[in-house]
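Peer 1: The sequence isn't on hand, but the structure is:
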């Protein structure tokens, strides 16, 4: 197994650890970050989430630069990203940090685009990520980080950076989803 695939596998292993930290609320206690109190389990969860985000960036860069793109990577990398982000948003919605309707839109889009990727793969095509999708992913990841630490660093300024990032993510979730389906509408040509 090459390095990019090992990084992807590591990210997939981090997802249940991330989930358990949030479910079990362990370690207990809280930490103060830039004047904002954050549950210790959520802080450790953020650290794991950041490591997972770094592996997401690194595995793609290494794979493309060293010509190590594999079918496992094409399948597992986007799956790991979606599982990580969807898990975080579900926890944030249950905590009341983000509106459930926004999370539902993100989940719908992620599942629909995954289905589209499968249809295209069945026809021998690979749907590469476009810029709106990359903006969506980055906005989602940064929104999750700031939402999990209660907007630390910006809370004292009364600047809702986490909320703004979340709505940017929802906007680009919708925009990129529509764009992917529009550009690949030919896959449905036999349906009409």
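Peer 2: Structure's in. What do you need? None of the values given here were measured: they were computed from a predicted structure. Numbering: from 1, shown residues only.

Peer 1: Just the buried positions in stretch 82-93, please.
Peer 2: For stretch 82-93, burial by neighbour count (16 or more other C-beta atoms under 10 Å) applies to 82, 83, 84, 85, 86, 87, 88, 89, 90, 91, 92, 93. All C-beta spots, glycine's among them, are computed from the backbone N, C-alpha and C.

Peer 1: and the least confident of the residues you listed?
Peer 2: Least confident by pLDDT among those: that is residue 82, with 91.

Peer 1: Can you name the residues that contact the spatially most central residue of the chain?
Peer 2: Residue closest to the average C-alpha location in the chain (C-alpha atoms, centre = their mean): residue 85, at 3.2 Å. By C-beta atoms under 8 Å, 6 or more residues apart in numbering, the contact list for residue 85 reads 106, 110, 137, 140, 141, 144.

Peer 1: Could you list which of these belong to helices?
Peer 2: 106, 110, 137, 140, 141, 144 (DSSP state H).

Peer 1: among the contacts of residue 85, who's most crowded?
Peer 2: Greatest neighbour count in the contacts of residue 85, by other C-beta atoms under 10 Å, goes to residue 144: 28 neighbours.

Peer 1: what sits against it?
Peer 2: Shown in contact with residue 144 (C-beta under 8 Å, 6+ apart): 49, 85, 88, 89, 92.

Peer 1: which one is the last one nearest to, not counting chain neighbours?
Peer 2: What sits nearest to residue 92 in space, not counting adjacent residues and going by C-beta to C-beta, 6 or more residues apart in numbering, is residue 98, at 4.8 Å.

Peer 1: Can you tell me the SS state at that neighbour?
Peer 2: coil (DSSP: H, G, I helix; E, B strand; the rest coil).

Peer 1: can you tell me which residues contact it?
Peer 2: 89, 92, 147, 166.

Peer 1: Show the contacting residues for residue 179.
Peer 2: Counting by C-beta under 8 Å, 6+ apart, residue 179 has contacts 130, 132.

Peer 1: Please identify the helix or strand for residue 31.
Peer 2: Here residue 31 sits within strand 30-33, counting by DSSP states H and E.

Peer 1: what about that strand, average pLDDT?
Peer 2: Mean predicted lDDT for strand 30-33 stands at 89.

Peer 1: After it, heading C-terminal, what element do we hit next?
Peer 2: strand 36-39.
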